[in-house]
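Colleague: Quick one: sequence plus predicted model below, questions after.
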Amino acid sequence: MTDDMTDDMTAPVSAPVTDAVTDDLSLPPVAAPYQLPFHYGALHNIGLDFLVDPAPVRKALAEHHPDLSAAEFEGRACVTLNYQLYFAQYPNGGGITEEIECSVVAYPTACADRFARLSYEEYAHGHDQTKLLGIARLHVLCDNPLAIEAGTELYGEPKYPAWFETTLPSLNGPAGDLWTVACKKATHASSGAAVDREDRALFSFSADLTGLPRTSVNNTPITGYGTDQAGRPLAGPMNVYQPYQYIALTGAAERVRLTVHDLTSAVGADLTTLVGGAPAVGAWTYQSAPVAAHNRPYYVPRAG
């Protein structure tokens, strides 16, 4: 990533912001020099949901997001993994980012009476029109230092460095719907413009969704919850402009495998405690449509 691109990612905001939030009805300040909304040029995304014992989830929320409560679906909490590969275009270039969010489905405790009681399938199909059922982020691992800073400053995300080895479905690859994501340890590089990779896997997952039935669902905006450094809860909706594809994993849970490689890491410890051996119950995917294609060449007649 070039210095010019770094400057573009942090273009000055178009309006002044206050230094502090004065009350709960104020909008959170947009930390300079960022501007919102952040526009994605392309997005490739898979989410995996696990229904789990709610007691450890409640404990984790009390530690990370004390103003949120865990949603329950027939007495089970939902832990969700959300991997994203995305592209953003700036005035003088572009940037590619990979990240994964480890979250639980939650809502503001003060708003408990504002949404209907839903089954997991209803939630997965986007039936919560209040969008109060959102993802309370416990860990966000990312390979882009600027995205780490922006997520932390703007949305109160618990975001830190990682890097990824992946296999994703692609029109430029073999047929099928296979996703594999390995999340590996990284640290901030001294230059501040990259992350230093370590050959140490934290966790990984694979999902072979080939041939499984899927449903187009209107489940966005997805509300992402964070807590800022002053302890205030934040909610940041993310709109995706086309439907997600939802895949119920009833009878096909063996198609998804989650492996924790480093139980001593913070994310590994939480995944072990919160998910353990629980099977995935649903997957949801989104892949940006291609906008152009460079076709196969053909021979042209020679002169003479």
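Modeller: Cool, the structure landed.

Colleague: And the helices in this structure?
Modeller: Secondary structure of the chain, counting by DSSP state H: helices at 3-9, 54-64, 120-124, 145-155, 266-274.

Colleague: how about the second one as PDB, C-alpha atoms only?
Modeller: When you say that, I think you mean helix 54-64. Provided in PDB are the C-alpha atoms of helix 54-64 (Å, rounded to 0.1, in the frame of the first residue of the first chain):
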ATOM      1  CA  PRO A  54     -25.800 -19.200  26.700                       C
ATOM      2  CA  ALA A  55     -24.100 -19.100  30.100                       C
ATOM      3  CA  PRO A  56     -20.500 -18.600  28.900                       C
ATOM      4  CA  VAL A  57     -21.800 -16.200  26.300                       C
ATOM      5  CA  ARG A  58     -23.400 -14.000  28.900                       C
ATOM      6  CA  LYS A  59     -20.200 -14.000  30.900                       C
ATOM      7  CA  ALA A  60     -18.200 -12.900  27.800                       C
ATOM      8  CA  LEU A  61     -20.700 -10.100  27.100                       C
ATOM      9  CA  ALA A  62     -20.500  -8.900  30.600                       C
ATOM     10  CA  GLU A  63     -16.800  -8.500  30.300                       C
ATOM     11  CA  HIS A  64     -16.600  -7.000  26.800                       C
END
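
Colleague: Show me how far it is from its chain's centre.
Modeller: Helix 54-64 sits 20 Å away from the centroid of its parent chain (C-alpha atoms, centre = their mean, to the nearest Å).

Colleague: Over to the shortest one?
Modeller: In terms of C-alpha atoms, centre = their mean, the centre of helix 120-124 is found 18 Å from the chain centre.

Colleague: Can you list the neighbours in contact with it?
Modeller: The contact list for helix 120-124 (C-beta atoms under 8 Å, 6 or more residues apart in numbering) reads 49, 51, 71, 73-74, 76, 78, 105, 128, 133, 217, 219, 246, 248, 281-282, 284. Glycine gets a C-beta too; all of them are placed from N, C-alpha and C.

Colleague: Pull out the buried residues from it.
Modeller: By neighbour count on 16 or more other C-beta atoms under 10 Å, the buried set for helix 120-124 is Tyr120, Tyr123, Ala124.

Colleague: what about the helices of the chain, which gets the closest to Ala292?
Modeller: helix 3-9 (22.1 Å; C-beta to C-beta).

Colleague: Grab the CA positions of the longest strand seen in the chain and hand them over as CSV.
Modeller: Identified as the longest strand of the chain according to DSSP state E is strand 93-108. Below are the C-alpha coordinates for strand 93-108, written out as CSV (Å, rounded to 0.1, in the frame of the first residue of the first chain):
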residue,chain,number,x,y,z
GLY,A,93,-5.6,3.9,-5.9
GLY,A,94,-7.2,1.1,-4.0
GLY,A,95,-6.8,-1.2,-1.1
ILE,A,96,-7.6,-4.8,-0.3
THR,A,97,-8.4,-6.0,3.3
GLU,A,98,-9.1,-9.3,4.9
GLU,A,99,-10.6,-9.6,8.3
ILE,A,100,-12.7,-11.9,10.5
GLU,A,101,-15.1,-11.0,13.2
CYS,A,102,-15.8,-13.4,16.1
SER,A,103,-19.0,-12.2,17.7
VAL,A,104,-22.2,-13.2,19.5
VAL,A,105,-25.7,-12.2,18.5
ALA,A,106,-26.9,-9.6,21.0
TYR,A,107,-29.1,-6.6,21.6
PRO,A,108,-29.0,-3.5,23.9
